[in-house]
Structure formats: C-alpha cells, structure tokens
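**Student:** got a predicted structure here, sequence first:
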Amino acid sequence: MILYLDTSALVKRYFAELYTDEILLLWRQAAGIITSAVAYAETMAAFHRKKRDASLDEAVIRSVVNGFHMDWAGFIRVEVTGRPRCHHSRRASQAPARLPEARRLQIDPPTGMSGSGKEEKAFYITFREQGQEEARKRVKLMSRLAITRVESSEELGLIAGRLKATRKLSFADAWIAATAVLYDSTLVHKDPEFEKLEDEVKVLKLPYKLRRY
C-alpha cells in the first residue's frame, strides 16, 4: 500500500489527536508515503501554531521538527506542475514497483502551469470570468514572458512556514513573501495583508483598488 497524506494527516503522526492511532497503523503498513511538496511549509506552520497555542517547550517542538525532517527525506514528494514530477530519496525508492501509482495521483494542470501558483490563479480567475478558452490563452501568454519561475523547495518552505506561523497571512501569501525573503527581492503588491511584513522584506506598495459600497 502506498499512502498519500495531506498536512492534517501528517501532523497527527507527531501530535496525539483524533485518528492519530489510525494514521500510525497505516503508516507502519505502507510501502511508501506520498505527500505534496507544499505540505512542508503547511506542516511547519502547524507545528509552530501548536507551540504557541499550547505553550510547548522549545525542546519539545525542536524534537518534533527533527523527527519530521527525518521522515520528510523519505517521502515521495509530488510537485504540482505542467508535467507529473515526483521527488523521492533512495529510502523511498525502495517501495515496490507500485511507485507509478504515485504518478497517477499527480494533478496535471492545464498547459503552461508552473509551481509558482501565479499561472494557476490567472487561469481560474479568467476561467470563471471569461471561460476556459480565454484562460488557456492567457496562461500560454504568461509562459512566454521573461519571468523566472521559482519552484518550491525545503528552504523556501521553511521560511513560508515561519511566516505563516508568526504572521496572520494566508498560505499563498506566506509563500509569496517567503520567495521575496529568500531571494532578497522587493515584493511589489496591492494587498494590505503584506503591510505587516515591512519589517521582514522590502515592499513596494501599489495603489489599492477603491472599495465599492
């Protein structure tokens, strides 16, 4: 059995919660563990929330994080890109020949999508407002722009997890801000949510849209 775990299921391995016993049993029986690459930042953020909410000792949370890092190295990590991509260590690759099953779990977005999330957002907004054909045209156009696409990484995930845990940010905005931090770049935005990060990253605020009442 190859087991796919989302963030909430991953957290149950490290903290006693409802269904923790079931997760641990399935974990022991699994030939391989699959999770999304973006689950790294989400899980780290969840750990820090628990530390804050339960006033956990620093040594306790450090032990949990160390255990998670050891497990993470063995996971089959699935990227959401235009072409199915799985990353797995030698330990994870020892799973039997059912590994292709993991690839069938990969979500294959429309042509031109990347792991950055911007094309995905442009696609669904345009799809919703102007239809699928126009959405595909815009994504194809975006793929031709001189833009460096930043894929998810453990280093980026660690920064995003910290920002998500310590600042009131959405998960997507935490990843955006983390990219600016990691590459020491200026974050150009029209989102008031980023104002709280001015002590963390260089920002260039564009005029906000006027609200209609």
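**Tutor:** Ah, there it is.
**Student:** V188 in helix, strand or coil?
**Tutor:** Here V188 is strand, with the state taken from DSSP: H, G, I helix; E, B strand; the rest coil.
**Student:** state the distance from R162 to M142.
**Tutor:** According to CB to CB, to the nearest Å, R162 and M142 sit 29 Å apart. All C-beta atoms are positioned from the backbone trio N, CA, C, and that covers glycine.
**Student:** strands along this protein, start to end?
**Tutor:** 2-4, 32-36, 76-79, 85-87, 187-189, 203-205 (DSSP state E).
**Student:** now the ones you listed as TSV including mean pLDDT?
**Tutor:** Output for those, formatted as TSV (pLDDT from 0 to 100):
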stretch	mean pLDDT
strand 2-4	88
strand 32-36	87
strand 76-79	78
strand 85-87	52
strand 187-189	83
strand 203-205	82
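**Student:** need those strands in CSV with mean neighbour count, can you?
**Tutor:** Shown next, in CSV, are those (neighbours: other CB atoms under 10 Å):
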stretch, mean neighbour count
strand 2-4, 16
strand 32-36, 22
strand 76-79, 22
strand 85-87, 15
strand 187-189, 17
strand 203-205, 13
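**Student:** and of these, who's closest to L26?
**Tutor:** Each of these has some distance to L26 by CB to CB; the shortest is strand 2-4, at 5.6 Å.
**Student:** can you give the distance from that closest one to the centre of its chain?
**Tutor:** Relative to its chain's centre, strand 2-4 lies at 18 Å (CA atoms, centre = their mean, to the nearest Å).
**Student:** packing partners for it?
**Tutor:** Secondary-structure packing of strand 2-4 (3 or more CB pairs under 8 Å, 6 or more residues apart in numbering; DSSP states H and E): strand 32-36, helix 100-104.
**Student:** apply 7 Å and report the result again.
**Tutor:** strand 32-36 (3 or more CB pairs under 7 Å, 6 or more residues apart in numbering; DSSP states H and E).
**Student:** which neighbouring elements make contact with the strand it packs on?
**Tutor:** Strand 32-36 sits against strand 2-4, strand 76-79, with contacts defined as 3+ CB pairs under 7 Å, 6+ apart.
**Student:** what strands line up against that strand, and which way round?
**Tutor:** Sheet pairing for strand 32-36, assigned by DSSP bridges, gives strand 2-4 (parallel), strand 76-79 (parallel).
**Student:** now the ones you listed in TSV, with distance to E151?
**Tutor:** Shown next, in TSV, are these (distance: least, CB to CB, whole Å):
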stretch	distance to E151
strand 2-4	20
strand 76-79	7
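**Student:** hmm, who's touching stretch 39-46?
**Tutor:** 6-7, 10-11, 68, 72, 154, 157-158, 160-161, 164-165, 171, 174-175 (CB atoms under 7 Å, 6 or more residues apart in numbering).
**Student:** which one in the residues you listed is the model shakiest on?
**Tutor:** pLDDT is lowest at E154 among the contacts of stretch 39-46; the value there is 74.
**Student:** now the residue nearest in space to the middle of the chain. Nearest residue, chain neighbours left out?
**Tutor:** By CA atoms, centre = their mean, the chain has its centre lying nearest to V38, at 2.2 Å. Among residues not flanking V38 along the chain, S152 sits closest, at 5.8 Å (CB to CB, 6 or more residues apart in numbering).
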